[in-house]
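Trainee: A structural model of the following input is requested.
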Amino acid sequence: MSKAIASTSRNLDRVFCPRSVAVVGDKQALGYMWLKALSDFKGEVYSVQIDPSELPGIAALGVPNYSSLQDIPGPVDYVISSVPRAAAPRIVRDCIEKAVGGVCFFTSGFAETSTEEGTRLQREITELALQAGLNLIGPNCVGVYNPRIGLKHNAAQQSGEGGPVGFIAQSGTHATLFSILGAINGIRISKSVSYGNAVVLDSTDFLEYLGQDDETRIIGMYIEGVRDGRRFLRVLKDVAARKPVLIWKGGQTQAGARATASHTGVLAESAAVWETLIRQYGAVKVHSVDEMIDTAKALLYVKPARGNRVGLIAMSGGQSVTITDTFAGAGLEIPLLDERSYDRLAAFFDIIGGSYRNPFDISSSFFMSANGVSNLASMLDVMEKDPNIDSVVLEMFPLIRPQGAKDTGDKDPVLETLSEFRARSEKPFMVIITTAHEESLSTEARKRVTGQGIACFPNFERAAKALRRHVDYFRLRRELDSCEQAGI
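Mentor: Predicted structure coming up:
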């Protein structure tokens, strides 16, 4: 039976939005990691375990335990299997008999080990699942994360509220890390999946599913290889025309390609091929989890870019030089302003030691002046109205209430100024808050800025790369849309 079964013919809703979940083989040696991760799940949770020594620990968690899937009353939508690999075929047969919606195999030790036994077992569970039309995720993966319903694969993941970003990862670690770091950076997940060896369901199936998912507006992917390249590109072209798709390709060096074979048992295509195809089909290439987070953040919170000319505002002379070098080095233009802008600036810019060419050097004393907030608003307004500027970037110290500013309780006048500017300006706007004497202070400040719907970054390099990819993405989309309209 052919593996090429479109996900539209598979009911993946039962996998991503289950009403009941059964965990097979969770145990104390794992810290009952799966059952604990499901403590917030908004549905029925069952355990399947036959080891008598494990039953007291499972009972202490308040989870009903059964000897087999068939003993569970009522339907089971999603199964998480953590049994030794030799028992995997038995679990697949039980899932088929129980008519579950899908099964995720956390179990590893299959074809990725290049052993005869591992390869044989992987082939057996694959054939069983394909013949029955069973949605099998993995093996060697952590499966599905849906925060809205509390379906988690790690207790540290957030739950209770979904978001607009979907994530598809061949690596379980990358799937977990993106969800946790993303939450810190204001990126909320709609649905996420780790799919490991991809013996039945591959990245293409999940891309197609999230492409049709109304909750998902941006899709990130970590891929080591694909099983059906032509179908993947066909689906990518369709989805990327409607939603941004960010692709982080693992195994692009000779050593990395060797590592992917031992990690998930797939062959990695050449970096040059991926570079060409990603651009040709309208996706965005990233190189790390940080770049994935930063690019998703820019697409979420930064308005569409129309050009690459950037207006920069820095906190000191040295920083103004560094930020200029960094953004120019990323391929962005730092132009002089229109003469009318300099006339406007001269009316209020009187900071000793400051400069207002581009970048503006407003010095740390700016925020300690009585007119600091109103001057900041005026400078942002100048950038907004200047015809030579396409995007605005502001470097800030962790938020400091300027001298003379009124204490309005929890309200911060600087934060309100930034929020108001972001709301009214049509130009892309981002903030950079580098580490101060205490990292916790900077982290909290970034969190507050992001909470206002403003993209905030921890250093110049990450902000510059994110803006460059943001600019390139919207330029590419305009080019591809023009070609599509012209019938090219």
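Trainee: buried residues in stretch 155-162?
Mentor: 157, 158, 159, 162 (16 or more other Cβ atoms under 10 Å). Placement of C-beta: from N, CA and C, glycine included.
Trainee: cool, stretch 298-315 as well?
Mentor: By neighbour count with 16+ other Cβ under 10 Å, stretch 298-315 contains the buried residues 298-303, 305, 307-315.
Trainee: Stretch 323-341 now?
Mentor: In stretch 323-341, residues buried by neighbour count (16+ other Cβ under 10 Å) are 323, 324, 326, 327, 330, 332, 334, 337, 341.
Trainee: so the last one is in which element?
Mentor: What that stands for is residue 341. Using DSSP states H and E, residue 341 maps to helix 339-346.
Trainee: same for that helix, what does it pack against?
Mentor: Judged by 3 or more Cβ pairs under 8 Å, 6 or more residues apart in numbering; DSSP states H and E, the packing partners of helix 339-346 are helix 372-385.
Trainee: Among the buried residues of stretch 323-341, which ones are in helices?
Mentor: In this view, the buried residues of stretch 323-341 that belong to helices under DSSP state H are 323, 324, 326, 327, 341.
Trainee: ok, so of the residues you listed, who is nearest residue 71?
Mentor: Lowest distance from residue 71 to these (Cβ to Cβ) belongs to residue 326, with 61.2 Å.
Trainee: any idea how far the closest one lies from residue 334?
Mentor: Between residue 326 and residue 334 the computed distance is 10 Å (Cβ to Cβ, to the nearest Å).
Trainee: ok, now residue 469?
Mentor: Computed as Cβ to Cβ, the residue 469 to residue 334 distance reads 18 Å.
Trainee: and the residue lying closest to residue 445 once chain neighbours are set aside, what is it in contact with?
Mentor: Closest residue to residue 445 apart from its sequence neighbours, by Cβ to Cβ, 6 or more residues apart in numbering: residue 398 at 4.0 Å. When contacts are counted by Cβ atoms under 8 Å, 6 or more residues apart in numbering, residue 398 is found next to 433, 436, 441, 442, 444, 445.
Trainee: So which of the buried residues of stretch 298-315 sit within strands?
Mentor: Within the buried residues of stretch 298-315, residues falling in strands by DSSP state E are 310, 311, 312, 313, 314.
Trainee: Reformat those residues as a markdown table; add distance to residue 380 and pLDDT.
Mentor: Formatted as a markdown table, those follow (distance: Cβ to Cβ, whole Å; pLDDT from 0 to 100):
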| residue | distance to residue 380 | pLDDT |
| --- | --- | --- |
| 310 | 14 | 98 |
| 311 | 9 | 97 |
| 312 | 12 | 96 |
| 313 | 8 | 93 |
| 314 | 14 | 91 |
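Trainee: Which of those sits closest to residue 126?
Mentor: Ranked by distance to residue 126 (Cβ to Cβ), those are led by residue 310 at 50.5 Å.
Trainee: is it true that that closest one touches residue 332?
Mentor: Yes. With contact defined as Cβ atoms under 8 Å, residue 310 counts as touching residue 332 (5.0 Å).
Trainee: which regions of the stretch 151-300 of the chain lie under the pLDDT threshold?
Mentor: Residue ranges of the stretch 151-300 of the chain with pLDDT under 70: 251-271.
Trainee: hmm, try it at 90
Mentor: Counting by pLDDT under 90, the stretch 151-300 of the chain has low-confidence residues at 225-227, 229, 250-279.
Trainee: residue ranges for the strands of it, please.
Mentor: Assignment of strands within the stretch 151-300 of the chain using DSSP state E, counting those that start in this stretch yields the ranges 165-169, 189-194, 218-223, 245-249, 284-286.
Trainee: Would you mind saying which of those lies nearest residue 75?
Mentor: Across the strands of the stretch 151-300 of the chain, residue 75 has its closest neighbour in strand 189-194 (20.7 Å, Cβ to Cβ).
Trainee: Can you give me the domain assignment for this protein?
Mentor: Under the assignment automatic domain parsing, the domains of the chain span 7-299, 303-475.
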